[in-house]
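Enquirer: need the 3D shape of this:
(chains A and B)
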Amino acid sequence: MAHATGTVESHVQHHFKSSDQQFSSAKLGMWLFLFTEIMFFGGLFVAYIVYRAWNPELFTLAATQLDTVLGAVNTVVLIGSSLTVALAIRAAQFDKQKQIINYLLITIFLATVFLVIKYFEYTHKFDMGILPGAMYTFEGIDHPKANVFFSIYYMMTGLHGIHVVIGIGLMVWLVLKAMKGAYTSSYYTPVEITGLYWHLVDIIWIFLFPLMYLID
Amino acid sequence: MATASNGNTLKVRYFDIDENPKEHYLNAEKGLKSWLFTVDHKRIGIMYLASIVLFFAVGGLLALVLRTELLTPAENLMNAETYNRVFTVHGAVMVFLFIIPSIPAALGNFLLPIMLGAKDVAFPRLNLASFWIYSIGALFTLVSLAVNPIDTGWTFYTPYSVQTGSAVILMTFGVFIMGFSSILTGMNFIVTIHKLRAPGLTWGRLPLFCWAMYATSVIQVLATPVLAITLALLIMERTLGIGIFDPALGGDPVLYQHFFWFYSHPAVYIMIVPAFGVISELIATFSRKTIFGYWAIAMSSLAIAFIGSLVWGHHMFVSGQSELSTVVFSFLTFFVGIPTGIKIFNWLATMHKGSIDMKTPMLYAVIFLFLFTIGGVTGIMLGAISVNVHLHDTYYVVAHFHYVMMGGTVMAFLGGLHFWWPKMFGKMYSEFWGKISAAIIFVGFNLTFLPQFIMGSQGMPRRYYSYIDQFQTMHQLSTIGSYVLGVGFLIIAVYLVHSLIWGKKAPANPWGSRSLDWMTSSPPAHHNFNYTPVINNGPYDYHKPISEFTLGIAEDHEHGESVEKAKEETKA
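Expert: Okay, the predicted model is just below:
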């Protein structure tokens, strides 16, 4: 029950006894949320596993239509953004206000690059007739269930893309707050937990990339 | 004098509980806005309570309509198609809008922080958000009823849910949204139990209701996201035709069933485990005895959460899953009965040689033991493969899950509602009418559902608006029973509302309970306690006088400032 802080700072909500208790509660909550995210994506990964087990040849055939270079670039971009968001947290721990903002802006930039590349990948496929679901008209893959592979592809990368967009939104909000000097070494919980979220988004992509692009 | 877990000593003293609180959470703030935008867990709990009671009434009325249609084999009130819609809406409303949020979101929200000696849940604003998310989800389902009521059954099985013209997307999107409410509540409770326990409240001193809420929250966090992705895929199947579940496009409908039951079987434990928590409190309090097998009851909740996540395949014994998995799921289904049995035996052992006081809540606890045991044992029967093939999709299954859900969860909910009613509103309900209506409900319930076991074993299939003549007597008994049930609930509604206005003022601890939720005034103060509780007794230490249970940190304080100083001091 002992806490280092003798006085209670203004950011501590009424029902917490100390800043430490509030911080560790927020972190535990975020870890649980990340766990639910894994279960959420887990459904899609199971669908992937089931259909790949049933149609192994379909997956190797269809994966040739995915652009490995663009996928690899995006992987590097996201890993880079995970680094910069971690550096933003470190900047907050050391009270470097300017650096928090700069690192967050770089992260937002990298996330945007990821989405732009994804946009070009999607539109290229749309032009070829590789559309999700019933709109699928592409005839280059000789397999009756080719549409199902791309449905799974669009669902997984699409859901991941939505998470990237949400991440960008969160970080824009962090930047706005950081400009007002909201985050210091004694209080940087939102930066920390947004960072955790961003790492998860990154990790999910690290699984998606080989599962989708690197099979042949 | 009390020593905290880390060896620090706290300066403590006994506090008096205000029997006539002038200021409490109900009058701390005024106006509609002070309710709708409150972050007070107690007010959020009351708002949930009002919502679920409303939806219970809606679902209940639909059930009465269904039973009236079944009075004769002829078309009495509606045709087959309307009947399909009505039973679907009855199921979906009862499952997603009433029973899942019932005990956790209403009673749990109100009680959990008080039982932990905390001022609120860990994330009060998230708590309010989850109430609003629930409301928005409920709105979607209501709109779907206005547009084109769904007729798929509450399980939304593909391929029919892809083909039907009814408003599947609106309904499932509503359920999808409400899922997030459930997830957020679960997260909030887990963090609250981990981080906000009062000084001295070790894991071994938690009231068993808290352990039950903990296990429930684990299931909510584990399983609900899978329902979310399943329903999202179903919506995509209908809008885009993604072909994952639709056999016409190369998909697999059994995969949908696996996904759906991966959530929905654990969900029945989301419904029943909180009820176990309520029953533990009721039986210990009204037997005036230390609970028998504290750790067995606490850990069996977690065991149920764990094993219950591995039994979903018993819903698909006749759906074409492999024989091996059928055998494994059947075994695991038997296995999950063990922790449940452990609880029943421990409750009975608690009552053994106790000073049992048959107040209304205890009456419901006993009714629970009786009905839930029937529901549980028939569940084990349904888990046996050969029996299941015969009884699959018959009224036997309907009777089984009503004995578990209604005979179990609803009875525990009613018991809990009566038990904590004085705490929530500061008013006593009528004990006389409480007992009368409990008796009526017990009779009505058995009259409704016992004939369904018999009909089901004779082959009456579920989900039909008509039947062959030989079942008419049973159906009529069942229908009459449902009217008796309706009368029972009506009486409860009348005397509870009556008590709010004309009821006797409730003392702080009308039942002589030893757990922390009774160590504050009725209704509780705005921040739950007028002191910071310190716990040095178990919640069921009935051998100690009540006056030993109101220990708190000495010295008045605001926002914990002087608490920190007090911690450093020692008192002999």
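
Enquirer: now stretch B:31-48: mean pLDDT?
Expert: In this model, stretch B:31-48 has a mean pLDDT of 94.

Enquirer: flag the shaky bits of chain B, pLDDT-wise.
Expert: Scanning chain B for pLDDT under 70 picks out the ranges B:1-8, B:555-572.

Enquirer: spatially central residue for it, please.
Expert: Nearest to the mean C-alpha position of chain B, counting by CA atoms, centre = their mean, stands residue B:103 at 3.5 Å.

Enquirer: tell me which residues of stretch A:46-62 come out buried.
Expert: Neighbour counts over stretch A:46-62 (16 or more other CB atoms under 10 Å in any protein chain shown) mark A:46, A:47, A:48, A:51, A:52, A:55, A:58, A:59, A:61, A:62 as buried. The way it works is simple: take the backbone N, C-alpha and C, and place the C-beta from them, glycine included.

Enquirer: and stretch B:238-249, how far apart are its ends?
Expert: Terminal residues of stretch B:238-249 lie 12 Å apart, using CA to CA, to the nearest Å.

Enquirer: neighbouring contacts of it?
Expert: Outside stretch B:238-249, the residues that touch it by CB atoms under 8 Å, 6 or more residues apart in numbering or on different chains are A:47, A:51, A:132-135, A:145, A:147-148, A:151-152, A:154-155, B:158-159, B:161-162, B:168-169, B:233-234, B:236-237, B:250-253, B:255-256.

Enquirer: just the buried ones from those?
Expert: Listed as buried from the contacts of stretch B:238-249 are A:47, A:51, A:132-134, A:145, A:147-148, A:151-152, A:154-155, B:158-159, B:161-162, B:168-169, B:233-234, B:236-237, B:250-253, B:255-256; burial here means 16+ other CB under 10 Å.

Enquirer: filter those down to just the ones in helices.
Expert: Judged by DSSP state H, those include A:47, A:51, A:147-148, A:151-152, A:154-155, B:161-162, B:168-169, B:233-234, B:236-237, B:253, B:255-256 as members of helices.

Enquirer: neighbours around residue B:21, how many?
Expert: Residue B:21 has 20 neighbours, counted by other CB atoms under 10 Å in any protein chain shown.

Enquirer: wait, I meant residue B:497
Expert: By other CB under 10 Å, 12 other residues sit near residue B:497.

Enquirer: before we move on, back to that, wait, doesn't the residue nearest to the centre of chain B sit right on residue B:278?
Expert: Yes - the criterion here is CB atoms under 8 Å, and residue B:103 meets it with residue B:278 at 6.4 Å.

Enquirer: and for these two, which residues touch both?
Expert: Both residue B:103 and residue B:278 are in contact with B:412, B:413, B:416, where contact means CB under 8 Å, 6+ apart.

Enquirer: which elements pack onto the one helix or strand the first one maps to?
Expert: I take that to be residue B:412. Using DSSP states H and E, residue B:412 sits in helix B:411-425. In terms of contacts (3 or more CB pairs under 8 Å, 6 or more residues apart in numbering or on different chains; DSSP states H and E), helix B:411-425 is packed against helix B:41-69, helix B:109-116, helix B:253-287, helix B:360-383, strand B:427-428, helix B:431-457, helix B:472-502.

Enquirer: can you do 6 Å?
Expert: helix B:253-287, helix B:360-383 (3 or more CB pairs under 6 Å, 6 or more residues apart in numbering or on different chains; DSSP states H and E).

Enquirer: returning to what we had before: from the shared contacts of residue B:103 and residue B:278, which is closest to chain A?
Expert: The shortest gap between chain A and any of the shared contacts of residue B:103 and residue B:278 belongs to residue B:416, at 24.0 Å (CB to the nearest CB).

Enquirer: how about the closest one: what's its closest non-neighbour residue?
Expert: residue B:278 (4.0 Å; CB to CB, 6 or more residues apart in numbering or on different chains).

Enquirer: do residue B:399 as well
Expert: Among residues not flanking residue B:399 along the chain, residue B:452 sits closest, at 3.7 Å (CB to CB, 6+ apart).

Enquirer: low-confidence stretches in chain A?
Expert: Scanning chain A with the threshold set as pLDDT under 70 gives A:1-9.

Enquirer: what parts of it come near chain B?
Expert: A:1-2, A:6, A:8, A:15, A:17, A:25, A:28-29, A:32, A:36, A:39-40, A:43, A:47, A:132-134, A:145, A:147-148, A:151 (CB under 6 Å from any CB of the partner chain).

Enquirer: out of the helices and strands packed on helix B:411-425, nearest to residue B:133?
Expert: For the helices and strands packed on helix B:411-425, proximity to residue B:133 was assessed by CB to CB; helix B:253-287 is nearest, at 16.5 Å.

Enquirer: so which elements touch that closest one?
Expert: Judged by 3+ CB pairs under 6 Å, 6+ apart, helix B:253-287 is in contact with helix B:208-239, helix B:294-307, helix B:323-351, helix B:360-383, helix B:411-425.

Enquirer: touching chain A at all, the third one?
Expert: By that I understand helix B:323-351. No - contact of helix B:323-351 with chain A (CB under 6 Å from any CB) is absent, the minimum separation being 13.4 Å.

Enquirer: alpha carbons of stretch A:72-91, as CSV, please.
Expert: Provided in CSV are the C-alpha atoms of stretch A:72-91 (Å, rounded to 0.1, in the frame of the first residue of the first chain):
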residue,chain,number,x,y,z
ALA,A,72,8.0,-5.7,-47.3
VAL,A,73,8.3,-2.0,-47.5
ASN,A,74,5.2,-1.6,-45.4
THR,A,75,6.6,-4.0,-42.8
VAL,A,76,9.8,-1.9,-42.5
VAL,A,77,7.6,1.2,-42.3
LEU,A,78,5.5,-0.2,-39.4
ILE,A,79,8.5,-1.5,-37.5
GLY,A,80,10.1,1.9,-37.8
SER,A,81,6.9,3.5,-36.5
SER,A,82,7.0,1.2,-33.5
LEU,A,83,10.5,2.5,-32.7
THR,A,84,9.5,6.1,-33.0
VAL,A,85,6.4,5.6,-30.7
ALA,A,86,8.7,4.0,-28.2
LEU,A,87,11.0,6.9,-28.4
ALA,A,88,8.1,9.3,-27.8
ILE,A,89,7.4,7.4,-24.6
ARG,A,90,11.0,7.7,-23.6
ALA,A,91,10.9,11.4,-24.4
